[in-house]
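In: give me a 3D structure for the following:
(one chain, ligands or ions: 1)
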Amino acid sequence: MELAIQQKLLSQAKEAMKLAYVPYSQFRVGAAVLDQNGRIHLGCNIENAAYGPTNCAERTALFSAIAAGVAPRTFTAIAVVGDTIDPITPCGVCRQVMIELCNPDTLVMMGNLAGECNVMTVQELLPGAFTPTSLER
Ligand code: THU
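Out: The predicted model follows:
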C-alpha cells in the first residue's frame, strides 16, 4: 500500500480522536478504515455509564463502514491512533471483530501522537482465532 495512503489513513484516525465520547476515561481513540474503493470510514470510542456497552474506535469504524454498505472482508487497512506512550494496540474484542469483518492480511496500523507506528496484519494480531469456519461441523 502506498505510503501517502498510509499517512492519510493515520492522519484521519488522529482527526477522528476529536469525535470520541469519553466522559469516563478521557482517553480518546480514533480509527479510520480503508475500503477497496479507496473510501475512508471513521470511528471513535463511545463510552457508556454502564461501562460494558462502550464501543472502541476500531469497532465503530468497521461497523460504520458496514452500515454504509461496504461488504465484509473487503477492507484494505485500518488505522488506529491514541495518546499512548508506545503505539496503541487493539483490545481483544476488536481483534475478534477484525478477524470477522476484515481479511487475514488486512493491515492494522497502530499509532500514537508522537508519530510512532506499528503495522501488523489482522491474522498476526489474533493467531489461532475462532472464525466463521470454526462453526463448521
Ligand atoms: N479503546 C479503544 O477505543 N481502542 C483501543 O484500541 C483501546 C481502548 C477505548 C475503550 C475505552 O473507551 C478507552 O479506550 C479506555 O479503555
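
In: tell me the secondary structure for residue 105?
Out: coil (DSSP: H, G, I helix; E, B strand; the rest coil).

In: that one and residue 121 touch, don't they?
Out: Yes: contact criterion CB atoms under 8 Å: residue 105 and residue 121 qualify, at 5.1 Å. Placement of C-beta: from N, CA and C, glycine included.

In: who has more neighbours out of these two?
Out: More crowded of residue 105 and residue 121, by other CB atoms under 10 Å: residue 121, with 16 against 10.

In: now for that one: which residues touch it?
Out: Shown in contact with residue 121 (CB atoms under 8 Å, 6 or more residues apart in numbering): 104, 105, 106, 107, 108.

In: wait, isn't the fourth one in contact with residue 119?
Out: What that stands for is residue 107. Yes: contact criterion CB under 8 Å: residue 107 and residue 119 qualify, at 5.8 Å.

In: more neighbours, those two?
Out: Remark: of residue 107 and residue 119, residue 107 carries more neighbours, 20 against 15, as counted by other CB under 10 Å.

In: in what helix or strand does the closest residue to that one other than its chain neighbours lie?
Out: Nearest residue to residue 107 in three dimensions, chain neighbours excluded: residue 77, at 4.1 Å (CB to CB, 6 or more residues apart in numbering). With elements taken from DSSP states H and E, the one containing residue 77 is strand 75-82.

In: now residue 13
Out: In this structure, residue 13 sits in helix 3-16 according to DSSP H and E.

In: wait, does the helix or strand that contains residue 33 contact the ligand?
Out: For residue 33, the host element (DSSP H and E) is strand 29-35. Yes: with CB under 6 Å from any ligand atom as the criterion, the ligand is reached by strand 29-35 at residue 29.

In: ok, residues contacting that strand?
Out: Strand 29-35 is contacted from outside by 5, 9-10, 12-20, 40-45, 56-58, 60-62, 65, 70, 74-82, 88, using CB under 8 Å, 6+ apart.

In: number of residues surrounding the closest residue to residue 78 other than its chain neighbours?
Out: Computed as CB to CB, 6+ apart, the closest residue to residue 78 that is not its neighbour in sequence is residue 33, at 4.5 Å. When neighbours are defined as other CB under 10 Å, residue 33 has 32 of them.
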